[in-house]
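In: next input, structure requested:
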Amino acid sequence: DYCRFEYDVTGPVNLAGGEQVRWLPRRRASDIALPGNDFWVFDGTCGKFNHFTGDGSSAGPEPFDDPDVVKLCVDAFEAVWERATPHEEYRPV
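Out: A predicted model of the protein is given here:
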């Protein structure tokens with residue numbers, strides 16, 4: 001239900017604000033090496049892992065700047081982005 005909610009508000013909020021959004025079902029990501037946590041990468045030089053508790057609350061961020069970790073995250077993002085479907089073409093099942 002939450003993913004469908006995210007999908008429904010993406011057009012009027014994210015796309016309207018100029019963001020590009022793509023969707024990749026988990027079944028199409030099985031052969032991509034992904035970091036174990038949600039993350040952001042800034043300027044390809046550093047980033048932040050977002051940790052969550054079992055109930056979805058934030059457990060606090062973890063900054064990183066190790067070049068190998070940055071590369072893992074950048075490579076993962078690029079692999080997912082290439083394979084993912086643009087929001088305008090994606091229909092949730």
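In: which residues sit in contact with residue 38?
Out: For residue 38, the contacting residues are 49, 50, 52, by CB atoms under 8 Å, 6 or more residues apart in numbering. From N, CA and C alone the C-beta is placed, and that goes for glycine too.
In: now the buried members of those.
Out: Neighbour-count burial (16 or more other CB atoms under 10 Å) applied to the contacts of residue 38 gives residue 49.
In: nearest to residue 62, of the contacts of residue 38?
Out: Closest approach between those and residue 62, by CB to CB: residue 49, at 4.4 Å.
In: give me the distance between the nearest residue to residue 23 once chain neighbours are set aside and residue 24.
Out: Distance criterion CB to CB, 6 or more residues apart in numbering; nearest residue to residue 23, sequence neighbours excluded, is residue 90 at 4.4 Å. Residue 90 sits 9 Å away from residue 24, going by CB to CB, to the nearest Å.
In: likewise residue 44?
Out: When residue 44 is compared with residue 24 (using CB to CB), they lie 21 Å apart.
In: the more surrounded of these two?
Out: More crowded of residue 44 and residue 24, by other CB atoms under 10 Å: residue 24, with 16 against 11.
In: what sits against the more buried one?
Out: 80, 83, 84, 85.
In: mind pulling up the pLDDT for the residue nearest to residue 23?
Out: Residue 90 carries a pLDDT value of 95.
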